[in-house]
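Asker: predicted model, plus sequence, below.
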Amino acid sequence: METIIQLVVKIYTKTGDDGSTGLIGGKRVRKSNPRIIAYGAVDELNSSLGIILSSNLDGDIVDLLIRIQNDLFVVGADLANDNLKNTTNRITSGMVQFLEESVDKLENELSQITYFILPGGDLIASQLHMARAISRRAEICIVHLAELEEINKPCQIYMNRLADLLFVLARVVNKRKMIKDIAWKK
């Protein structure tokens, strides 16, 4: 007879009621710490991708965004770990390369840009532009953190490439729905 052990974990711990939170390894820091702000912005980005994934998307875009969501969990763990000697859950140059290859592949569907593009078009494309803006803000938070503490450098590079990929994805969604890019006009 098989025994099933069920572990019940409460969602609230009350340990953060004093304005602190724990990093990987147990160190406690203020919730206003740049490290917490950085991975909070990454979490916000991941949530915005979840909203996008609730839409009717082409399978290749679904697969790509799910992989990115999983990678963003690694980004968050990477940022929550202030011990660079611990190599568990770290963004790698291979993950950055995957984003670059994805951008290159998707750009083959698009015409070359000859003007500035305004965010918009289809609702999903607009949401991808919003995710891109959140990604840029998360990158800025990571850059600020890197000015204060040593971080895993590919983490910062990953976020930079991800914003590029989200821009390209927004354009691809519009093109596949036969919606022209919205040109910025002076």
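Answerer: Now that the structure is in, tell me what you want to look at.
Asker: buried residues, the biggest helix by length in the chain. List them.
Answerer: Of all segments of type helix in the chain, defined using DSSP state H, the longest is helix 123-148. Within helix 123-148, the residues scored as buried using 16 or more other Cβ atoms under 10 Å are 124-139, 141-142, 145-146. C-beta here means a position set from N, CA and C on the backbone, and glycine is covered the same way.
Asker: let me see the mean pLDDT of it.
Answerer: For helix 123-148, mean pLDDT is 98.
Asker: who are the packing partners of the helix or strand that comes right after it?
Answerer: Using DSSP states H and E, the next helix or strand after helix 123-148 towards the C-terminus is helix 153-176. Applying 3 or more Cβ pairs under 8 Å, 6 or more residues apart in numbering; DSSP states H and E, one finds that helix 153-176 makes contact with helix 59-80, helix 93-107, helix 123-148.
Asker: how about the ones you listed in JSON lines, adding distance to residue 173?
Answerer: JSON lines is the format used below for those (distance: least, Cβ to Cβ, whole Å):
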{"stretch": "helix 59-80", "distance to residue 173": "7"}
{"stretch": "helix 93-107", "distance to residue 173": "10"}
{"stretch": "helix 123-148", "distance to residue 173": "4"}
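Asker: of those, which is nearest residue 154?
Answerer: helix 93-107 (5.4 Å; Cβ to Cβ).
Asker: could you export that closest one as CSV, CA atoms only?
Answerer: Extracted in CSV, the C-alpha atoms of helix 93-107 (Å, rounded to 0.1, in the frame of the first residue of the first chain):
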residue,chain,number,x,y,z
SER,A,93,25.3,33.0,-22.3
GLY,A,94,23.5,30.1,-24.0
MET,A,95,20.2,31.5,-22.8
VAL,A,96,21.2,34.9,-24.2
GLN,A,97,22.2,33.2,-27.5
PHE,A,98,18.7,31.6,-27.7
LEU,A,99,17.1,35.0,-27.5
GLU,A,100,19.4,36.3,-30.3
GLU,A,101,18.6,33.4,-32.5
SER,A,102,14.9,33.9,-31.9
VAL,A,103,15.2,37.6,-32.8
ASP,A,104,17.1,36.7,-36.0
LYS,A,105,14.5,34.0,-37.0
LEU,A,106,11.5,36.2,-36.4
GLU,A,107,13.1,39.2,-38.1
